[in-house]
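1. Pasting the sequence and the predicted model now:
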Amino acid sequence: MLSTSIAALCAALLASSHDGPDPIGSWSLSSADFDGARLEAVLGVHGRAEGPLAFVEDAHGDALYFDGRATRVVLATDHATSEQRLPTRHMTIEAWASVNTPAAWGGLLGLLQDNGDAEAGWILGYDGKVFTFGLASKGADDGNGQITYMQGKTPYEIGVLHHVVGTFDGETMKLYVDGELDAESEAQSGDILYPDHAELVLGGYVDRNESFFHNGRLRSVRLFDRAASSGWVRAGFAHGRELRHADPYLWIDPELRWVVQPYLQWATKDGMTIRWETSRPGSSEIRFGRAVEFSGEGDARVGLLPKLKSDASLVLHHELRLEGLEPETAYYYQAVTHDDLGRELASTFLSFQTACVGDTPFAFAVISDTQGNPSVNGRIAQLAWAQRPSFVLHPGDLVDTGSVKSQWVHEFFGSMQPLFERVAFFPVLGNHEQDARLYYEYMSLPDPEYHYTFVYGNAQFFMLDSNRQVGPGTRQYKWLSGELARSRATWKLVIYHHPAYTSDENDYGDTWSGPSTRGDMRVRALVPLFDKHGVDIVWNGHIHSYERTWPLRDDRARQSQDGTVYMITGGGGGSLETAGPIRPFFQNNVRHGHHYCMVAISGKTLEMKAFDLDDRLFDSLVIGK
């Protein structure tokens, strides 16, 4: 083909323009390089495309767009029978690629097996924030192989083409992004360790039991059996610098639809934040009022809301803050988006209530570890909504993998929408969120968003990120100490993910065969603060079961209410865990099973009730002051 000859000539010119290795495989992924589903290689084996083929134009031609669902290019169904030459000890992978959807296991070019402890092969890819380079060698072989997944430090820009290079010289792995060294590791050495059988794939992370599709562009990929020098990498980036500085390509859905339906955040006595996400950029509009005014009859009957808050900016993530509202007041709202074609997307009429003040009674739900189980967390959302909570506390692990967008869309917001469209939720980060950018894209919380406090009625809530340091002298410790000292609330309630006290069988030591710390010792450093300032209850997740302690003070159980009750409410959806065989001194009630809690506060009385998936009460607590 003419296009193949031109591409080969360009590759030869590029290789001869500076010192560096010659490729053993070179693939340009422009429309001219495809004959139907066949990818004509510049060097090496030809490829076979799967899924839809779409190409994105740029100033220098075009590039294949991988849809994240079905598109990939298979270069070899099994490297053991392929004619493609592979690196043995030294290697370089070079790619011009963009990422449109962050993913925990993103792949640009890979040949690997990573199944349990059996790890072999290599991959150039990305995670939820940065580019990655993974490789296994014989020098680091523990009997089953061991891949080092090296993460860069420079975040990629969504939709922007980046120059990404991974090298290995038998001693050191290096990862370059846009011509600069971004990470290196000496964890691997010697010859590359290959699996017996594996696919060689462009645009995916694929092994025997996993297949994750790339969403973004691949413009070109080259494979070498030598380790490129830093000068060669810089020169390679310089030749394509214009690609890096071109405008990003963000795929636009032809249909205007909900990606995430309206949900509520940051409820205060005089305001509410309403958010939603659409498939196409559009304007943001909230129609609201204290009552829906209906006119007309039958099919012509329409509802109107008297007030309007809007933003004409065309965006995918919509956020509007309603302010100047009355406390303890019911409002009705409708979220509306108009796209650039004039089409309208409008929600049904929904409702919320502003926060109460003083000693007015209120109630809230506590639901944690909803991760990866929409059938369970959806059921819990329905049960909790039936009790009409004022808001929801979520002690972390909202999703199973925070960098995977589909989990937020389908396994969290999608299943819990009936609850969150009518009551605000206040979350903290769990370990499964991975501090991913998607968490911050979806949440509207006070800066820095990973710790904050809010007042509701006569209670104050203190929200922490226990993935970060919380010991004495750290930012969060000093912040919490100051906030607790200033608080004049009747009830002081703390929420973070990892438990200071737990009866779990094996998270902090195998209790079936030996000792356990019975909790996360990092966060146990916070306990003296709770004792000093009279914190009433601490809610945690992380352990996928239910537990309530006796009131604790000075690391001892108290028979009176002079102490802090620690509760684990990790039964929101994650795979269930079990208590160990030995009952620790702090344990009052422990239960294996999915569940949620309802907490009601009226003046100086707090009532807590815990319910299972059949909505049966299995534990309760009353605290009076």
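-> On my side now, so go ahead. Only a predicted model underlies this, so the values are computations on that prediction, with no experimental measurement involved.

2. Tell me the strands beside the helix or strand containing Tyr149, with direction?
-> Per DSSP states H and E, Tyr149 falls inside strand 147-155. Note on strand 147-155: by DSSP bridges, its sheet partners are strand 130-136 (antiparallel).

3. Please state the mean pLDDT value computed over the strand it pairs with.
-> Across strand 130-136, pLDDT averages out at 98.

4. could you dump it to CSV, C-alpha only?
-> The C-alpha atoms that make up strand 130-136 are tabulated as CSV, following Å, rounded to 0.1, in the frame of the first residue of the first chain:
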residue,chain,number,x,y,z
VAL,A,130,-0.4,9.0,35.5
PHE,A,131,1.4,6.8,32.9
THR,A,132,2.9,3.5,34.0
PHE,A,133,5.4,0.9,32.9
GLY,A,134,5.3,-2.6,34.1
LEU,A,135,7.9,-5.4,33.6
ALA,A,136,9.0,-8.7,35.0
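
5. list the buried ones in the helix or strand where Tyr477 lies?
-> Using DSSP H and E, Tyr477 sits within helix 475-486. Within helix 475-486, the residues that count as buried by 16 or more other Cβ atoms under 10 Å are 476-477, 479-481, 483-484. Placement of C-beta: from N, CA and C, glycine included.

6. want to throw those residues into JSON lines with pLDDT?
-> As requested, those are arranged in JSON lines below (pLDDT from 0 to 100):
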{"residue": "Gln476", "pLDDT": "97"}
{"residue": "Tyr477", "pLDDT": "98"}
{"residue": "Trp479", "pLDDT": "98"}
{"residue": "Leu480", "pLDDT": "98"}
{"residue": "Ser481", "pLDDT": "98"}
{"residue": "Glu483", "pLDDT": "98"}
{"residue": "Leu484", "pLDDT": "98"}
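
7. need those in TSV with distance to Gly603, can you?
-> As requested, these are exported to TSV (distance: Cβ to Cβ, whole Å):
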residue	distance to Gly603
Gln476	31
Tyr477	31
Trp479	29
Leu480	26
Ser481	27
Glu483	23
Leu484	21
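
8. follow-up on the earlier one: same for whichever helix or strand comes after the helix holding Tyr477, what does it pack against?
-> Downstream of helix 475-486, the first helix or strand assigned by DSSP H and E is strand 491-495. With contacts defined as 3 or more Cβ pairs under 8 Å, 6 or more residues apart in numbering; DSSP states H and E, strand 491-495 has these neighbours: strand 459-463, strand 537-540.

9. List the contacts of the first one.
-> Residues from elsewhere that reach strand 459-463 (Cβ atoms under 8 Å, 6 or more residues apart in numbering): 393, 426-428, 451-455, 480, 483-484, 487, 489-496, 535, 601.

10. now do stretch 187-200
-> 74-80, 82, 84, 86-89, 91, 109-113, 118, 120-122, 135-141, 145, 148, 168, 170-171, 173, 206-208.

11. In PyMOL, select just the buried ones from these.
-> Under the burial definition 16+ other Cβ under 10 Å, those of the contacts of stretch 187-200 that qualify are selected in PyMOL by:
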select buried, resi 74+75+76+79+82+84+86+87+89+91+109+110+111+112+113+118+120+121+122+135+136+137+140+141+145+148+168+170+173+206+207
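
12. So which of the contacts of stretch 187-200 belong to strands?
-> 74-76, 91, 109-113, 118, 120-122, 135-136, 148, 168, 173, 206-207 (DSSP state E).

13. circling back to that earlier point, now the strand holding Tyr149: average pLDDT?
-> 97.

14. And that strand, what's buried?
-> Under the neighbour-count criterion of 16+ other Cβ under 10 Å, strand 147-155 has 147-152, 154 buried.

15. Now do the residue nearest the centre of the chain against Asn431, distance only.
-> Residue closest to the average C-alpha location in the chain (Cα atoms, centre = their mean): Gly402, at 1.5 Å. Gly402 sits at a distance of 9 Å from Asn431 (criterion: Cβ to Cβ, to the nearest Å).

16. Same question for Gly282.
-> 35 Å.

17. try Ala118
-> In terms of Cβ to Cβ, Ala118 sits 25 Å off from Asn431.

18. Please indicate which of the contacts of strand 459-463 are buried?
-> 393, 426-428, 451-454, 480, 483-484, 487, 489-496, 535, 601.

19. which residues of the chain fall in helices?
-> For the chain, helices defined by DSSP state H occupy the ranges 2-16, 230-239, 241-244, 374-386, 405-406, 414-420, 437-442, 475-486, 521-524, 527-533.

20. and the third one, C-alpha only, in CSV?
-> Looking back up the chat, that one is helix 241-244. The C-alpha coordinates for helix 241-244 follow below in CSV (Å, rounded to 0.1, in the frame of the first residue of the first chain):
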residue,chain,number,x,y,z
ARG,A,241,6.3,18.5,20.0
GLU,A,242,3.4,20.1,18.0
LEU,A,243,1.2,17.0,18.8
ARG,A,244,1.7,17.6,22.5
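
21. rewinding a little: the helix holding Tyr477 versus strand 491-495: what angle between them?
-> Interaxial angle, helix 475-486 versus strand 491-495 (axes from the mean of the first three to the mean of the last three Cα atoms, to 10 degrees): 170 degrees.

22. okay, the angle between helix 475-486 and strand 459-463?
-> 170 degrees.

23. and the gap between Pro499 and Leu480?
-> Taken as Cβ to Cβ, the span from Pro499 to Leu480 is 17 Å.

24. same deal with Phe391?
-> Distance from Phe391 to Leu480, by Cβ to Cβ: 21 Å.

25. and if you look at Glu186?
-> The value you get for Glu186 to Leu480, if Cβ to Cβ is used, is 39 Å.

26. How about Gly152?
-> Gly152 sits 33 Å away from Leu480, going by Cβ to Cβ.

27. Give me the neighbour count for Leu43.
-> Using other Cβ atoms under 10 Å, Leu43 has 18 neighbouring residues.

28. Any idea what it is bridged to?
-> Bridge pairing for Leu43 - DSSP bridges - gives Ser26.

29. what's the spacing between it and Ser26?
-> 4 Å.

30. For Lys306, give its distance to Phe352.
-> Careful, residue 306 is Pro and not Lys. Relative to Phe352, and taking Cβ to Cβ, Pro306 is found at 16 Å.

31. didn't Arg69 look like it was pressed against His214?
-> No: with contacts counted by Cβ atoms under 8 Å, Arg69 stays clear of His214, the gap being 10.3 Å.

32. Looking at those two, which one has more neighbours?
-> His214 (30 against 10).

33. that older thread, would you turn the buried residues of strand 147-155 into a markdown table with distance to Leu53?
-> Shown next, in a markdown table, are the buried residues of strand 147-155 (distance: Cβ to Cβ, whole Å):
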| residue | distance to Leu53 |
| --- | --- |
| Ile147 | 31 |
| Thr148 | 34 |
| Tyr149 | 30 |
| Met150 | 31 |
| Gln151 | 31 |
| Gly152 | 29 |
| Thr154 | 30 |
